[in-house]
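>>> here is the input, now give the coordinates:
(2 chains)
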There are 2 protein chains.
Amino acid sequence: MNNTLDEFIKKNTALIDQQLDELLSKAQIANTLQESMIYSVKAGGKRIRPLLVLATLEDLGVNSTDGLAVACSIELIHTYSLIHDDLPSMDDDDYRRGKLTNHKVYGEAAAVLAGDALQALAFENLTNLSSTSAESSLKLINKLSKASGANGMVGGQILDIEGESKSLSLDDLEIVHLNKTGALLSYCVEAGAILAGLSENLTKQLEKYASNIGLAFQIKDDILDITSTTEQLGKTVGSDATSHKSTYPSLLGVDGAIERLSTHHRLAIEALQPFNKEPILLKLFADYIVNRTT
Amino acid sequence: MNNTLDEFIKKNTALIDQQLDELLSKAQIANTLQESMIYSVKAGGKRIRPLLVLATLEDLGVNSTDGLAVACSIELIHTYSLIHDDLPSMDDDDYRRGKLTNHKVYGEAAAVLAGDALQALAFENLTNLSSTSAESSLKLINKLSKASGANGMVGGQILDIEGESKSLSLDDLEIVHLNKTGALLSYCVEAGAILAGLSENLTKQLEKYASNIGLAFQIKDDILDITSTTEQLGKTVGSDATSHKSTYPSLLGVDGAIERLSTHHRLAIEALQPFNKEPILLKLFADYIVNRTT
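Numbers count the residues shown, from 1 in each chain, chains lettered A, B, ... in the order given. Now for the predicted structure:
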């Protein structure tokens, strides 16, 4: 990994983890629930979404004290979605990032409720920003609720589940991923843009960047599921093929998927060109997503 | 039921249902998800929470166009909690209000996701108030996230589940209900107070009213579970006794529970005394909760 990005990630991951600890320390009335929430938030995620918020702010030259809070709200939403996705009635996963999934440790009821409480905490946290106007805070909440709700992440998840039992076209597959993972990833840069007070035009460019790295991220996931090992990824590989799930490699072949990955990477980089000062961290992020091995 | 309350309920239930229809018509990208959300929101609830918001506003003499929107957000949160509570991993209920529960119709995955999307929609809706300041909107979101999250409704639900396998003291039982149902009921009157710009002192009185009718509501539920029939209630009765769950009647006897119900009713009415003009609808609501037969 590039040194600049590596340093940025190390420094900010520590800050994100510390802020998440503080947020979760307040969920006090029921021990099991709090433990279950903390378990999944601290289960070793790569923090890509919160890092993307902070990278956007740094690239835009904005020093926002609220960036970290917004970044953490997104990670709480992402974590709740993983807990629910892993449930027996959905993906039925026993392991995530090499650790037992939430419901395997705390039981299904606590897992459902931990997810529910993490969602509420994400929104609560956005009402406590210290140096952001009430109008901008409301805008951040509005866009997060849309990105994570029925017309975003949750909608994409149900389309994904329904897609498992049929052959999807490439367009259908793209709609799944633009919603399931793309909407929240786009929100990361959009949130940075709101905090930075960025113009509408440049915000649109950032969204273009985000939806392309979102799709690139998914294609890379699909490719790694075929070319990597369970040990390397910390989760069961080859499950897409076993379940005959439509993926980019199944629709395009591995070479076709790699080519498409490269196209989305190029489109993401091109979307950054209208900025006077090159958003260097966002560029490095796009490179990292394409080149990562886990 | 008293005529004044009856008319108020009829008129406003129609308005609430219409507004909920409009809100849900926007959850469009995934049909199954939208159907599942609509199914439970329209499953014939009594709309007690949204009616309580509107009753508070009417009693305070405030004509707020946003009252209906706030009322509906609360109903969306309440509905999501019922869908998740009914899941096999929680209360495992097949029927609710005489209709099949959400997961019995749409499957568990869609039920979990419908709940998740309803929660997001509730918060989204509070960012779209037309005549409320951004500051007050944020306050409404802040209090709703707290009332429904780990230190409110969701926390109460896990305490309730954990309490099923042990004998609870009366204090423990009260903590369960103050959180599981009381927090959201209190939020109903608190939201009305925020929209009305009510003084802190009178808001505190309304909260006292609300936590007492919340407990009264629960005690009445426990009593009906013993004295009513499955047909009358539209849900299986006697389940508390079968599962040896701690309830007010199991701890106090039916007569003791009835006495405690009466105490909370009295405390609720007393909390309304400091108002210059008697909050007549809130008083009638308290009477209704105690006297209802379903």
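>>> tell me how far A:Glu75 lies from chain B.
16 Å (CB to the nearest CB, to the nearest Å). C-beta here means a position set from N, CA and C on the backbone, and glycine is covered the same way.
>>> and the next helix or strand past the helix or strand containing that residue?
Using DSSP states H and E, A:Glu75 falls within helix A:67-85. On the C-terminal side of helix A:67-85, the closest following helix or strand by DSSP H and E is strand A:95-96.
>>> what angle do the helix or strand harbouring A:Ala120 and helix A:67-85 make?
Per DSSP H and E, A:Ala120 falls inside helix A:108-126. Here helix A:108-126 runs at an angle of 160 degrees relative to helix A:67-85 (axes from the mean of the first three to the mean of the last three CA atoms, to 10 degrees).
>>> now could you export just the CA positions of helix A:108-126 as CSV?
Output of helix A:108-126 as CSV, limited to C-alpha atoms (Å, rounded to 0.1, in the frame of the first residue of the first chain):
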residue,chain,number,x,y,z
GLU,A,108,-30.4,-14.3,17.2
ALA,A,109,-32.5,-12.1,19.4
ALA,A,110,-29.6,-10.1,20.7
ALA,A,111,-28.2,-9.8,17.2
VAL,A,112,-31.4,-8.4,15.8
LEU,A,113,-31.7,-6.0,18.6
ALA,A,114,-28.0,-4.9,18.5
GLY,A,115,-28.5,-4.0,14.9
ASP,A,116,-31.7,-2.1,15.7
ALA,A,117,-29.9,-0.2,18.5
LEU,A,118,-26.9,0.6,16.3
GLN,A,119,-29.1,2.1,13.7
ALA,A,120,-30.8,4.4,16.3
LEU,A,121,-27.4,5.3,17.7
ALA,A,122,-26.1,6.3,14.3
PHE,A,123,-29.0,8.8,13.9
GLU,A,124,-28.7,10.0,17.5
ASN,A,125,-25.0,10.7,17.0
LEU,A,126,-25.8,13.0,14.0
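>>> and the helix or strand encompassing A:Val189, how far out from the chain's middle?
Using DSSP H and E, the element containing A:Val189 is helix A:183-196. Centroid separation for helix A:183-196 versus its chain: 12 Å, with CA atoms, centre = their mean, to the nearest Å.
>>> if you look at it, does any of it touch chain B?
No. Against chain B, helix A:183-196 shows no contacts by CB under 8 Å from any CB of the partner chain, the least distance being 10.1 Å.
>>> by how many degrees do that helix and helix A:108-126 diverge?
Going by the same axes, to 10 degrees, helix A:183-196 makes 20 degrees with helix A:108-126.
>>> any idea of the mean pLDDT in helix A:183-196?
Looking at helix A:183-196 alone, the average pLDDT works out to 96.
>>> now do the helix holding A:Ala120, average pLDDT.
98.
>>> downstream of it, the next helix or strand is which one?
helix A:134-148.
>>> need the residues that contact stretch A:109-117.
A:27, A:32-33, A:36-37, A:39-40, A:80-81, A:83-84, A:86-87, A:101-103, A:106, B:80-81, B:84, B:87, B:89-90, B:112, B:115-116, B:119, B:149-150, B:154-155, B:157-158, B:161 (CB atoms under 8 Å, 6 or more residues apart in numbering or on different chains).
>>> and the helix holding A:Glu75, what does it pack against?
helix A:3-24, helix A:31-41, helix A:48-59, helix A:108-126, helix A:134-148, helix A:153-163, helix A:183-196, helix B:108-126 (3 or more CB pairs under 8 Å, 6 or more residues apart in numbering or on different chains; DSSP states H and E).
>>> then that helix to CSV, C-alphas only?
Taking C-alpha atoms only, helix A:67-85 is exported to CSV below (Å, rounded to 0.1, in the frame of the first residue of the first chain):
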residue,chain,number,x,y,z
GLY,A,67,-16.1,14.7,10.4
LEU,A,68,-15.1,11.9,12.9
ALA,A,69,-18.6,11.8,14.4
VAL,A,70,-20.3,11.6,10.9
ALA,A,71,-17.7,8.9,9.9
CYS,A,72,-18.6,6.9,13.0
SER,A,73,-22.4,7.1,12.4
ILE,A,74,-21.8,5.5,9.0
GLU,A,75,-19.7,2.7,10.5
LEU,A,76,-22.6,2.1,13.0
ILE,A,77,-25.0,1.7,10.1
HIS,A,78,-22.6,-0.5,8.2
THR,A,79,-22.1,-2.7,11.2
TYR,A,80,-25.8,-3.1,11.9
SER,A,81,-26.3,-4.1,8.3
LEU,A,82,-23.6,-6.8,8.6
ILE,A,83,-25.1,-8.2,11.8
HIS,A,84,-28.5,-8.5,10.1
ASP,A,85,-27.1,-9.8,6.8
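>>> now do the helix holding A:Val189: which elements does it pack against?
For helix A:183-196, the packing partners by 3+ CB pairs under 8 Å, 6+ apart are helix A:48-59, helix A:67-85, helix A:134-148, helix A:153-163, helix A:200-227.
>>> by contact count, what packs against the longest one?
When contacts are defined as 3+ CB pairs under 8 Å, 6+ apart, helix A:200-227 packs onto helix A:48-59, helix A:170-177, helix A:183-196, helix A:239-242, helix A:248-271, helix A:280-291.
>>> now the second one, how far from the chain's geometric center?
Spelled out, it's helix A:170-177. Distance of helix A:170-177 from its chain centroid, counting by CA atoms, centre = their mean, is 17 Å.
>>> buried stuff in that helix?
Judged by neighbour count (16 or more other CB atoms under 10 Å in any protein chain shown), helix A:170-177 contains these buried residues: A:Leu173, A:Glu174, A:Ile175, A:Val176, A:His177.
>>> pretty sure A:Ile289 contacts A:Leu215?
No. With contacts counted by CB atoms under 8 Å, A:Ile289 stays clear of A:Leu215, the gap being 10.1 Å.
>>> give me the neighbour count for the nearest residue to A:Glu58 once chain neighbours are set aside.
What sits nearest to A:Glu58 in space, not counting adjacent residues and going by CB to CB, 6 or more residues apart in numbering or on different chains, is A:Leu281, at 5.7 Å. As a burial measure, A:Leu281 scores 21 neighbours (other CB atoms under 10 Å in any protein chain shown).
>>> look up how far A:Gln218 lies from A:Leu281.
Distance of A:Leu281 to A:Gln218, computed by CB to CB, to the nearest Å: 21 Å.
>>> now do A:Leu20
For A:Leu20, the distance to A:Gln218 - CB to CB - is 25 Å.
>>> who's more crowded, those two?
A direct count of neighbours by other CB under 10 Å for A:Leu20 and A:Gln218 places A:Gln218 higher, at 24 against 21.
>>> picking that back up, confidence-wise, which of the helices and strands packed on helix A:200-227 is weakest overall?
With a mean of 68, helix A:239-242 has the lowest mean pLDDT of the helices and strands packed on helix A:200-227.
>>> residues touching the spatially most central residue of chain A, list them.
Compute the mean C-alpha point of chain A, and by CA atoms, centre = their mean the closest residue is A:Arg49, 4.7 Å away. Applying CB under 8 Å, 6+ apart to A:Arg49 gives the contacts A:Ala71, A:Ile74, A:Glu75, A:His78, A:Leu184, A:Leu185, A:Cys188.
>>> which residues does the fifth one contact?
Taking CB under 8 Å, 6+ apart, we find A:Leu184 in contact with A:Arg49, A:Ile74, A:Ile77, A:His78, A:Ser81, A:Ala147, A:Ser148, A:Gly152, A:Met153.
>>> if we go to 6 Å?
Going by CB atoms under 6 Å, 6 or more residues apart in numbering or on different chains, A:Leu184 touches A:Ala147, A:Met153.
>>> quick one: name the residues of chain A near chain B.
Residues of chain A lying close to chain B by CB under 6 Å from any CB of the partner chain are A:27, A:29-30, A:33, A:84, A:89-90, A:108-109, A:112-113, A:116-117, A:119-121, A:123-124, A:127, A:134-135, A:137-138, A:141-142, A:145, A:148-151, A:154-155, A:157-159, A:161.
>>> poorly predicted segments of the stretch 1-150 of chain A, please.
Low-confidence segments of the stretch 1-150 of chain A (pLDDT under 70): A:1.
>>> ok, 90 please
Scanning the stretch 1-150 of chain A for pLDDT under 90 picks out A:1-3, A:26-29, A:44-46, A:63-65, A:96-98.
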